[in-house]
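*Asks:* Quick one, what's the 3D model for this:
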Amino acid sequence: MADCTFCKIYESKQGIIYDSEHFFAQFDKFPVTPGHAEVIPKRHVASLFELTEKEWANLQPAISGVVKVIEATNFEELYQRLIDKPLNDKSVDFCKKMLDHVGTYKKPDAYNIGINEAEAAGRTVHHLHVHIIPRFYGDVEDYIGGVRHIIPGMGNYRK
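*Replies:* Here you go, the predicted structure:
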């Protein structure tokens, strides 16, 4: 689609960190943790449920491949480069926070992998993208519940 952010990124080949038959990936320009990346289908689809059987089968290897790229990346160099050639001022703010993050100088301890499936779930770009969010011990005060924290007060079900 001509006006789709992710279709334009793939067309320009700018910032692509992984490329396979059905998917490509980039580092998120508004990262929540160092190494935050997005796996994106090459075919323009809005929903996970629009993937073909072959695309579904290729999604897992794409995610695994991007994790390997994340684990081989120097986050300090990455975010300095993104600050030097920013997408916009807000992106600069996010990338500067990554330079002070507890995980900037080490490999991830874990990952959250998620999809904002439609607007009510928080999707702002209407082209499917799978967030791979590296996690580091000490990046939040209470990690219990993980993705459950998207609903305030509902994260830690053990308390």
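*Asks:* show me the residues around residue 27 that make contact.
*Replies:* Residues counted as contacts of residue 27 (Cβ atoms under 8 Å, 6 or more residues apart in numbering) are 15, 17, 35-38, 73, 78, 82. In short, each C-beta sits where N, CA and C put it, glycine included.
*Asks:* Check the gap between it and residue 82 for me.
*Replies:* Using Cβ to Cβ, to the nearest Å, residue 27 is found at 7 Å from residue 82.
*Asks:* before we move on, what about residue 96?
*Replies:* Distance of residue 96 to residue 82, given as Cβ to Cβ: 10 Å.
*Asks:* again, but for residue 10
*Replies:* On the measure of Cβ to Cβ, residue 10 and residue 82 end up 18 Å apart.
*Asks:* burial count for residue 91?
*Replies:* 16 (other Cβ atoms under 10 Å).
*Asks:* just wondering, since we're on it, how far is it from residue 30?
*Replies:* For residue 91 relative to residue 30 (Cβ to Cβ), the value is 6 Å.
*Asks:* same check, this time on residue 24
*Replies:* Between residue 24 and residue 30 the distance is 18 Å, computed by Cβ to Cβ.
*Asks:* quick one: which of those two has more around it?
*Replies:* When residue 24 and residue 30 are compared on other Cβ under 10 Å, the one with more neighbours turns out to be residue 24, at 21 against 12.
*Asks:* Surely the more buried one is in contact with residue 38?
*Replies:* No: Residue 24 is beyond contact range of residue 38, at 9.3 Å (criterion: Cβ atoms under 8 Å).
*Asks:* Can you spell out which helices and strands pack onto the helix or strand containing residue 8?
*Replies:* According to DSSP states H and E, residue 8 maps onto helix 5-12. Packing partners of helix 5-12 (3 or more Cβ pairs under 8 Å, 6 or more residues apart in numbering; DSSP states H and E): strand 37-41.
*Asks:* hmm, who's touching the strand it packs on?
*Replies:* Here strand 37-41 makes contact (Cβ under 8 Å, 6+ apart) with 6, 9-10, 17-18, 22-28, 51, 55, 59, 62-63, 66, 69-70, 127-132.
*Asks:* Inside strands: which ones of the residues you listed?
*Replies:* Mapping these onto strands (DSSP state E) picks out 17-18, 23-27, 130-132.
*Asks:* and the longest helix along the chain with strand 37-41, angle?
*Replies:* In the chain, taking DSSP state H as the definition, the longest helix is helix 53-71. On the basis of axes from the mean of the first three to the mean of the last three Cα atoms, to 10 degrees, helix 53-71 is oriented at 160 degrees to strand 37-41.
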